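>>> what would the 3D arrangement of this be:
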Amino acid sequence: MFIYFLIAVGVVWLLLIHSSLVCNYANQKGYEGIKVRLMGLVPVFSFIYYYKKPTIKDVTVKVKLITSFYPRQLIATILTYTIIVILAVIVVVPISVIFYVSISNHFLSTLLITYFGIVLVLLHQGLVVDYAAKRGYEGIKPGIIGLIPVFGFVYYSRKKPLRQLPKGVLKRTFSPRNVLSRFLIYAEITLLVVIVLIPVVYMIGLSLDPRYQSEIPKTIWPTAPSLNSYRYLFQETHFAIWYKNTFIIALINMIFGTLIVTGAAYVYARYSFKGKKSSLLGLLVLQSFPTFLGLLAMYVLFETFGLLNKPNALSILYIGGAIPGNLWLIKGFLSQIPKDLDESAEIDGANKLQIFFRIILPLSVPIITFVAVSLFMAPWMDYMLPGYLLGNPPPSIEEPTKLWTLAIGLFRMVSDNYYMNYSAFAAGAIIVGLPITVLYVAFQKFLIEGITAGATKG
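Residues are numbered from 1 along each chain as shown. Below you'll find the model as predicted:
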């Protein structure tokens, strides 16, 4: 079967190349349109057909059949259609497999029908909104009416247009090219939404399914949802203590890390001193080394100073590791603030601290917010560092699991046979993810401004 597939792909590839050469030759003689492209799919005959037809286009050089076979043009045509066929195979084969499997899989067929149903509803709504806008009706109302099949077009076709439009503008709304482009756009957007939402729905369903504790479920949503996993998380484990440990580390990291990085970035952005350039380059080089390269050194230092198995001591490493990259980020933002503001404030009698807190700091809220949120997020997602420094306490410590952070505790639920519980892991992940999501939504404006404004050369 694979051989037949390759033969079919090869035939299509040769027909496309043949059609392109015929179109090129016919265009030189003045023949264009769909008829030429369709004729080009007929091997050999199409060349003979257009060779015998008279030239209807003004040309200074006599058109010859051989011009379509110049080496450069022929190679370019072959390469172009080779790439097109390869891309088409990459797209068509997975889609064909999905459709083939969906024939025997009821769930997949239902999912595909639902997917295309949503795409068609969005396509209908988009066309109704576009049609209504060209007739002068805009706002939320056309979008809501567009969700009702057919009615939206009938409704706005009977309403008196509020603006005069050139002839043919409304027809272009329903042209095949416009409809196809919109369909592809909505199909892509819907696919991306499905790709994002399915794992979220799966995790929520897994957290509500009490049956799966030591194996991964194969269904997205449980038949009998239950809160047993959440009860197990708070009653049978030290989840609340893990949460508290991680929250304290994140809070210390955010407060002190932001203060240190902002102060250092202000000095580098506003003052000139010996060793400034070399120290900045040194910080840039340090940023390129991954954290795990220094794990052994960190372990030795923590053991020497008696900081092993102390969760709050991890803040020292998080703050130190955040300095290089965030310092460059804030410095790039502060360098864009005109120094004329500093000079004007000095003339009015302001000292350096007043300039920083009353002028620079208010203008730097977006980038500082972005850095603060990033520093707060780091401990919640990190397993390597706390797992190495907190994961193996000595036997003398009673209930060593109380020293863990959320990353250690949740990871043990999917990696350790003694603690394994997939439903509880999903429940813990959702509890951790909710406040993080709220935090990102609340500071979305500042985060976007900070990302774009800090990523400049300073």
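
>>> show the average pLDDT along the helix or strand harbouring residue 78.
Residue 78 is located in helix 71-104, with elements delineated by DSSP states H and E. The average pLDDT within helix 71-104 is 76.

>>> what angle separates whichever helix or strand comes after it from helix 71-104?
Following helix 71-104 in sequence order, the next helix or strand is helix 106-134 (DSSP H and E). On the basis of axes from the mean of the first three to the mean of the last three CA atoms, to 10 degrees, helix 106-134 is oriented at 120 degrees to helix 71-104.

>>> flag every buried residue along helix 106-134.
By 16 or more other CB atoms under 10 Å, the buried positions in helix 106-134 come out as 111-112, 118-119, 121-132, 134. All C-beta atoms are positioned from the backbone trio N, CA, C, and that covers glycine.

>>> one more: stretch 283-292?
For stretch 283-292, the neighbour count (16+ other CB under 10 Å) marks residue 283 as buried.

>>> how far does it stretch from start to finish?
Length of stretch 283-292, first residue to last, CA to CA, to the nearest Å: 17 Å.

>>> so what's residue 17 up against?
Residue 17 sits next to 77, 78, 81 when contact means CB atoms under 8 Å, 6 or more residues apart in numbering.

>>> make JSON lines out of these and add neighbour count and distance to residue 438.
Listed next are the contacts of residue 17 as JSON lines, based on neighbours: other CB atoms under 10 Å; distance: CB to CB, whole Å:
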{"residue": "77", "neighbour count": "18", "distance to residue 438": "55"}
{"residue": "78", "neighbour count": "16", "distance to residue 438": "55"}
{"residue": "81", "neighbour count": "20", "distance to residue 438": "51"}
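
>>> one step back: give the other helices and strands that the helix holding residue 78 contacts.
helix 2-28, helix 106-134 (3 or more CB pairs under 8 Å, 6 or more residues apart in numbering; DSSP states H and E).

>>> what residues sit buried inside it?
Buried, per 16+ other CB under 10 Å, within helix 71-104: 77, 78, 81, 85, 89, 102.

>>> nearest spatial neighbour of the first one, skipping sequence neighbours?
By that I understand residue 77. Using CB to CB, 6 or more residues apart in numbering and skipping residues adjacent in sequence, the residue nearest residue 77 is residue 20, 5.2 Å away.

>>> burial count for that neighbour?
By the criterion of other CB atoms under 10 Å, residue 20 has 20 neighbours.

>>> same question for residue 392.
By other CB under 10 Å, neighbour count at residue 392 equals 10.

>>> go on, residue 445?
10.

>>> now do the contacts for it.
residue 366.

>>> please repeat the previous calculation with a cut-off of 10 Å.
Residue 445 is in contact with 366, 369, counting by CB atoms under 10 Å, 6 or more residues apart in numbering.

>>> cool, residue 148 as well?
Applying CB under 10 Å, 6+ apart, the residues near residue 148 are 121, 124, 125, 128, 154, 155.

>>> what residues are up against residue 208?
221-222, 224-230, 423, 426-427, 430.

>>> repeat the analysis, applying 8 Å as the threshold.
Contacts of residue 208 (CB under 8 Å, 6+ apart): 222, 225, 226, 227, 229, 423.

>>> gap between it and residue 217?
11 Å (CB to CB, to the nearest Å).

>>> which parts of the stretch 101-250 of the chain are strands?
Remark: no strands are assigned in the stretch 101-250 of the chain by DSSP state E, counting those that start in this stretch.

>>> show me where pLDDT drops low in it?
The model of the stretch 101-250 of the chain has pLDDT under 70 over residues 101-108, 165-170, 212-214.

>>> please redo it, this time with the cut-off set to 90
101-119, 124-184, 187-188, 190-229, 232-233, 235-237 (pLDDT under 90).

>>> which residue ranges of it form helices?
Residue ranges of the helices in the stretch 101-250 of the chain, as given by DSSP state H, counting those that start in this stretch, are 106-134, 140-145, 151-158, 169-173, 176-207, 228-235, 239-270.

>>> re the thing from before, can the contacts of residue 17 go into CSV with extra columns for distance to residue 160?
Formatted as CSV, the contacts of residue 17 follow (distance: CB to CB, whole Å):
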residue, distance to residue 160
77, 53
78, 56
81, 51
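
>>> among the helices and strands packed on helix 71-104, which is nearest residue 408?
Closest approach to residue 408 among the helices and strands packed on helix 71-104 (CB to CB): helix 106-134, 35.9 Å.

>>> what packs against that closest one?
Looks like helix 106-134 contacts helix 71-104, helix 140-145, helix 151-158, helix 169-173, helix 176-207 (3+ CB pairs under 8 Å, 6+ apart).

>>> how many residues are close by residue 348?
Neighbour tally, residue 348, other CB under 10 Å: 9.

>>> pLDDT score for it?
83.

>>> now render the helices and strands packed on helix 106-134 as CSV, adding distance to residue 272.
Below are the helices and strands packed on helix 106-134 laid out as CSV (distance: least, CB to CB, whole Å):
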stretch, distance to residue 272
helix 71-104, 53
helix 140-145, 55
helix 151-158, 65
helix 169-173, 61
helix 176-207, 47
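
>>> residues near residue 420, how many?
Neighbour tally, residue 420, other CB under 10 Å: 15.

>>> so it is in which element?
Using DSSP H and E, residue 420 falls outside every helix and strand.

>>> related to what we said a few turns ago, and which of the contacts of residue 148 is nearest residue 46?
Nearest to residue 46 among the contacts of residue 148, counting by CB to CB, is residue 124 at 39.9 Å.

>>> who are the contact partners of that closest one?
Counting by CB under 8 Å, 6+ apart, residue 124 makes contact with 146, 147, 149, 152.

>>> now the two most distant members of the residues you listed.
Among the contacts of residue 124, 146 and 149 lie farthest apart (CB to CB), at 9.4 Å.

>>> hang on, residue 312 packs against residue 250?
No - the criterion here is CB atoms under 8 Å, and residue 312 misses it with residue 250 at 11.0 Å.

>>> which of the two has more neighbours?
Higher neighbour count among residue 312 and residue 250: residue 250, with 20 against 11, using other CB under 10 Å.

>>> residue contacts, that one?
375, 376, 377, 378, 379, 380.

>>> format those as CSV; extra columns: pLDDT.
Converted to CSV, the contacts of residue 250 look like this (pLDDT from 0 to 100):
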residue, pLDDT
375, 90
376, 90
377, 88
378, 86
379, 89
380, 87
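
>>> sorry, back to before: JSON lines for the helices and strands packed on helix 71-104, including distance to residue 284?
Listed next are the helices and strands packed on helix 71-104 as JSON lines, based on distance: least, CB to CB, whole Å:
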{"stretch": "helix 2-28", "distance to residue 284": "49"}
{"stretch": "helix 106-134", "distance to residue 284": "46"}
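
>>> residue 54: which of those is closest?
Nearest to residue 54, of the helices and strands packed on helix 71-104 and by CB to CB, is helix 2-28 at 12.3 Å.
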